[in-house]
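1. Dropping the sequence and predicted coords here.
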Amino acid sequence: MGLKDLIKKWRKYSELSNLGIIVRRKFFNNCFDGALTCAGIISGSFIIFLSSPAQFLSSTIIIITGFSTALAIGISGLWGAFLSEEAERKKK
């Protein structure tokens, strides 16, 4: 089975299962999750740096960065799901 046949087969499966909508939603949700996770890590590190620049490399950086990242992922999950569902509804 060649590459063309494999692509044709997957395209057929995609059309039968309406995969395009699902892939589009998941792709943008995960991109949004990654962006806000990075923002959470950076903001957590920045908060630690502002509170005590002399002790920047301590165990509190791990804890506060972890909490800020968890908060960012939570916001991202809710907001990303809302935005992708809204966009899909507008498209229909």
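-> Arrived safely. Residues are numbered from 1 along each chain as shown.
2. Ser84 reaches Phe28, doesn't it?
-> Yes. With contact taken as CB atoms under 8 Å, Ser84 and Phe28 are classed as touching, separated by 5.5 Å. For glycine as for every other residue, the C-beta is placed from the backbone atoms N, C-alpha and C.
3. between those two, which one's more packed in?
-> Ser84 (18 against 14; other CB atoms under 10 Å).
4. Tell me the confidence at that one?
-> On pLDDT, Ser84 comes in at 73.
5. can you give me the strands in this structure?
-> Assigned strands in the chain: none (criterion: DSSP state E).
6. so where is it shaky, pLDDT-wise?
-> 1, 53-59 (pLDDT under 70).
7. centroid residue for it?
-> The chain has Asp33 as the residue nearest its centroid, 1.8 Å off, counting by CA atoms, centre = their mean.
8. which ones are touching the residue nearest to that one when sequence neighbours are not counted?
-> What sits nearest to Asp33 in space, not counting adjacent residues and going by CB to CB, 6 or more residues apart in numbering, is Ser76, at 4.7 Å. Going by CB atoms under 8 Å, 6 or more residues apart in numbering, Ser76 touches Phe32, Asp33, Ala35, Leu36, Thr37.
9. which residues touch Asn29?
-> Gly77, Gly80, Ala81, Ser84.
10. ok, so what distance separates the second one from Phe46?
-> Okay, so that is Gly80. 23 Å (CB to CB, to the nearest Å).
11. likewise the last one?
-> Between Ser84 and Phe46 the computed distance is 29 Å (CB to CB).
12. With Leu83 instead?
-> 26 Å.
13. now Glu86
-> Applying CB to CB to Glu86 and Phe46 gives a distance of 31 Å.
14. cool, and Leu19?
-> 40 Å.
15. same question, Gly2
-> From Gly2 to Phe46 the distance is 52 Å (CB to CB).
16. the more surrounded of those two?
-> More neighbours surround Phe46 than the other of Gly2 and Phe46, with 12 against 7 (other CB under 10 Å).
17. Report the contact partners of that one.
-> For Phe46, the contact set (CB under 8 Å, 6+ apart) is empty.
18. Who are the contact partners of the closest residue to Ser45 other than its chain neighbours?
-> Distances taken as CB to CB, 6+ apart place Thr65 nearest to Ser45, at 5.7 Å, with adjacent residues excluded. Thr65 sits next to Gly40, Ile41, Gly44, Ser45, Ile48 when contact means CB under 8 Å, 6+ apart.
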